[in-house]
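Peer 1: Next one to model:
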Amino acid sequence: MKRVHFISVGGSVMHSLAIELKRLGYIVTGSDDAIYEPSKSSLINNDIYPNKLGWFESNITDDLDFIILGMHAKSDNSELKLAKQKKIKIYSFPEFIFEYSKNKTRVVIAGSHGKTTISSMILHVLKDNGKYADYLLGAKIEGLTNSVSLSQQNEFIIIEGDEYLSSRIHDIPKFHVYQPNIALISGISWDHVNVFPTFNIYKNQFKIFIDKIVNGGVLIYNNNDLHILSLLDGNQNYIRKIPYTEHNFLTRDGRFFIETDEGLIPLKIFGKHNMENLSAAKQVCNLIGLTDDQFYNSIRSFKGASNRLEIVETNSIRTVIKDFAHSPSKLKASIDAVKSNFKVDLLAVYELYTFSSFDEKFQNEYEEGFSSCDYPVIFIDKFNPKLKNRRFDEESLKKSFKNDKIVFIYNKDELNDYLINFEKQKICLLLMSSGKFGGLDIDLIAKNFCKYVG
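Peer 2: Here you go, the predicted structure:
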């Protein structure tokens, strides 16, 4: 029974990995100076929640086999310093996942958007066909009790390959660590400007990722993305390259159907972007050993990844959808998908939440992101710590979006009142954020919004 201590156990992946290692029989402890929901409840339910929040050298005992270090812990962390003095093995979680999966076929899903949805599609189809794989996801998805699953017996592991840094002492992007046998890139759109200050620096991380694919491996890539194509131009790596585009589809009465040799297959998901994700997932499933028929028969029951264009509430005149949108390209893709599918006026609320979204250089990337939206709203939580010492200007943002119709809201109660009292009857509400809208209860908002009759 190996002993492991997590420094910064409250992170979304860190707490899930801690829970999974305990399930596998490891003796697990963890520390953090702040832990929020849903990590808090999950750790409490699995008896891993620290007795006291904070960093304590007493956690670093001589009988530890190794430590897993999260990004939240700073380089001068007292526990980390003592672990170094004691020469205890320290992993970032990507390093540990690579070590654990050395003898598996590593499938790494990368890209600025679509990673969770593609990974969810793959796992859904595998499970539906009685095949199982290990996985590491960036978020919990419907039907899975945890976002990390590890085993000794499974041949494949599906890894959501995040381009953000691994830890304070291992400051390379996570997806550079995994050395994939099968890699996928869904698209490249500038993000994480606090780490990658120019687009070229950000884009180069994907070039390095491609170079990390093992010899004889496979790269599946979005053939519609010019940035990916430019990286592959002249690439001589000893790997197989498989392009994909959106799957052939058509819409009838607001529903999406994909065209196959066996005829039309109805889907529970919608949007051109999801047709690209579906095509990508199919390529991976084919390589894992599933036939086209197996994929199509299973994908028809896929309801979508949690918080990814997820219908929360709907009736004959109003629909509420939530989406994990955190980048300009995802904002536009989500708005276009909803607008083209529902054929009604669209009220879209986008929360500026990330470090990148408050950066003036980066804000130019939002150009015309709201162009097909009838009623655009930007929500900014005035208590967001990322706003500290940052200048914010409504007029410059309107210029960045090229949209004078934008309504700015800074308080969750004000947002609640604005939505509940919105007068137009036949309308779709799209709520987009990688945050929490200041703690607003989205399910309650959706119910009240759809009850409104004017």
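Peer 1: Check the separation of the first and last residues in stretch 68-79.
Peer 2: One end of stretch 68-79 to the other measures 12 Å (CA to CA, to the nearest Å).
Peer 1: let's number from 38 now, not from 1
Peer 2: From this message on, residue numbering opens at 38, which makes the last subject stretch 105-116.
Peer 1: what does that stretch contact?
Peer 2: 41-48, 51, 54-55, 68-69, 92-94, 96-97, 117, 127-130, 133, 201-207 (CB atoms under 8 Å, 6 or more residues apart in numbering). Using the backbone N, CA and C atoms, a C-beta is placed for each residue, glycine as well.
Peer 1: centre of the chain versus it, how much separation?
Peer 2: Centre-to-centre, stretch 105-116 and its host chain are 23 Å apart (CA atoms, centre = their mean, to the nearest Å).
Peer 1: Same question for stretch 234-249.
Peer 2: For stretch 234-249 - counting by CA atoms, centre = their mean - the centre lies 19 Å from the chain centre.
Peer 1: So for stretch 295-303, what gets flagged as buried?
Peer 2: By neighbour count on 16 or more other CB atoms under 10 Å, the buried set for stretch 295-303 is Ile295.
Peer 1: quick one: terminal-to-terminal distance for that stretch?
Peer 2: Stretch 295-303: ends 7 Å apart by CA to CA.
Peer 1: Lowest mean pLDDT among the helices and strands of this structure, which one is it?
Peer 2: Counting by mean pLDDT, DSSP states H and E, the weakest-scoring helix or strand in the chain turns out to be helix 397-400, with a mean of 78.
Peer 1: Return the list of helices and strands in contact with that helix.
Peer 2: Judged by 3 or more CB pairs under 8 Å, 6 or more residues apart in numbering; DSSP states H and E, the packing partners of helix 397-400 are helix 431-438.
Peer 1: Which residue ranges of the stretch 138-287 of the chain form strands?
Peer 2: 142-147, 171-173, 185-186, 193-197, 202-204, 207-210, 219-222, 255-259, 277-281, 286-289 (DSSP state E, counting those that start in this stretch).
Peer 1: Same list, those strands, but as CSV with mean pLDDT and mean neighbour count please.
Peer 2: CSV is the format used below for the strands of the stretch 138-287 of the chain (pLDDT from 0 to 100; neighbours: other CB atoms under 10 Å):
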stretch, mean pLDDT, mean neighbour count
strand 142-147, 98, 26
strand 171-173, 97, 25
strand 185-186, 96, 21
strand 193-197, 98, 25
strand 202-204, 88, 21
strand 207-210, 89, 16
strand 219-222, 98, 27
strand 255-259, 98, 23
strand 277-281, 98, 16
strand 286-289, 88, 12
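Peer 1: From Asp418, how far off is Ser316?
Peer 2: 36 Å (CB to CB, to the nearest Å).
Peer 1: domain assignment for this structure?
Peer 2: 40-129, 138-336, 347-488 (automatic domain parsing).
Peer 1: For these, which has the smallest mean pLDDT value?
Peer 2: Least confidently modelled of the domains of the chain is domain 347-488, at a mean of 87 by mean pLDDT.
Peer 1: and Gly406, what does it touch?
Peer 2: 365, 368-369, 372, 387, 438.
Peer 1: Which ones among the contacts of stretch 105-116 lie within strands?
Peer 2: The strands, defined by DSSP state E, take in 41-44, 68, 127-129, 202-204, 207 from those.
Peer 1: which one of those residues is nearest Phe486?
Peer 2: Closest approach to Phe486 among the ones in strands among the contacts of stretch 105-116 (CB to CB): Leu202, at 38.4 Å.
Peer 1: Not counting sequence-adjacent ones, nearest residue to that closest one?
Peer 2: Excluding the flanking residues, the one nearest Leu202 by CB to CB, 6 or more residues apart in numbering is Asp208, at 5.0 Å.
Peer 1: and what of Val321?
Peer 2: Ile159 (5.3 Å).
Peer 1: I'd like to know how many residues surround that neighbour.
Peer 2: 26 (other CB atoms under 10 Å).
Peer 1: try Ser409
Peer 2: Neighbour tally, Ser409, other CB under 10 Å: 15.
Peer 1: which element is the nearest residue to it once chain neighbours are set aside on?
Peer 2: Among residues not flanking Ser409 along the chain, Lys376 sits closest, at 4.8 Å (CB to CB, 6+ apart). Taking DSSP states H and E as the criterion, Lys376 maps to helix 365-379.
Peer 1: orientation of that helix relative to helix 431-438 in degrees?
Peer 2: Going by axes from the mean of the first three to the mean of the last three CA atoms, to 10 degrees, helix 365-379 is angled at 70 degrees with respect to helix 431-438.
Peer 1: List of residues touching whichever helix or strand comes after helix 365-379?
Peer 2: Going down the chain from helix 365-379, the next helix or strand is strand 382-388, by DSSP H and E. The contact list for strand 382-388, computed with CB under 8 Å, 6+ apart, reads 362, 368, 372, 375-376, 406-407, 409-418, 446, 452, 456, 459, 461, 463-472, 474.
Peer 1: Now intersect those with the strands, please.
Peer 2: Using DSSP E, the contacts of strand 382-388 in strands are 412-416, 446, 464-469.
Peer 1: Between those residues, which sits nearest Lys278?
Peer 2: Met469 (32.8 Å).
Peer 1: just the angle between the longest helix belonging to the chain and strand 277-281, please?
Peer 2: Under DSSP state H, the helix in the chain containing the largest number of residues is helix 309-325. Per the same axes, to 10 degrees, the angle that helix 309-325 makes with strand 277-281 is 150 degrees.
Peer 1: buried ones in helix 309-325?
Peer 2: Buried, per 16+ other CB under 10 Å, within helix 309-325: 309-322, 324-325.
Peer 1: cool, and stretch 132-143?
Peer 2: Here stretch 132-143 shows 132-135, 137-138, 141-143 as buried, counting by 16+ other CB under 10 Å.
Peer 1: which ones among the residues you listed are found in helices?
Peer 2: Using DSSP H, the buried residues of stretch 132-143 in helices are 132-135, 137.
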